[in-house]
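A.B. asks: return a 3D structure for these sequence lines:
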Amino acid sequence: MVGREKRPLGDIFELSNFGVNLTRLIPGACSALRHAHSKQDEFVYILVGCPVLITDQGETLLSPGMCAGFKAGTGNGHQLVNRANEDVLYLEVGDRTAGDSATYPDDDLQAALDNDGEWQFLHKNGTPY
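C.D. replies: Just a heads-up that it's a prediction; the model follows:
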């Protein structure tokens, strides 16, 4: 994810139930490929800049002080894209539920957390990359 910088704040404090990232997107960058989690909820809070939130419902322009939440298991893919000329800075919060997986509705990709907490990426037909 060129142009995305994540600072894992939750890891600094050894949080084990949820993670917190301070994430910066330079102009033209995106948060991730559009995705949805099976077990992990996610929440974002915009601090600086105006990213576009893309979900199954379409596009929504966000601004500082706005937030969005993504309930696990809905299949509603989401991502943030910085189409502006200034950086976007936001807090990203998610739980760390074991056994999570992610789907990517726009790409030939799926992901699953292994027993060590590392993401394994596969094609949609299950073959590894």
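A.B. asks: quick one: low-confidence parts of this structure?
C.D. replies: Residues of the chain that meet the criterion pLDDT under 70 are absent altogether.
A.B. asks: would you map the strands across it?
C.D. replies: Secondary structure of the chain (DSSP state E): strands at 4-8, 18-25, 36-37, 42-48, 52-55, 58-61, 67-70, 79-81, 88-95, 101-103, 110-113, 119-122.
A.B. asks: return the most buried member of the ones you listed.
C.D. replies: With neighbours taken as mean count of other Cβ atoms under 10 Å, those reach their highest mean count in strand 36-37, at a mean of 23. Placement of C-beta: from N, CA and C, glycine included.
A.B. asks: who's in contact with that one?
C.D. replies: Contacts to strand 36-37, defined as Cβ atoms under 8 Å, 6 or more residues apart in numbering, come from residues 70, 72-78, 94, 100-103, 105.
A.B. asks: just to revisit the earlier point, for Tyr129, find the nearest of the strands of the chain.
C.D. replies: Set against Tyr129 and scored by Cβ to Cβ, the strands of the chain come closest in strand 119-122, at 5.2 Å.
A.B. asks: contacts for that closest one?
C.D. replies: Judged by Cβ under 8 Å, 6+ apart, the contacts made with strand 119-122 from elsewhere in the structure are Ala102, Leu109, Gln110, Ala111, Ala112, Leu113, Asp114, Pro128, Tyr129.
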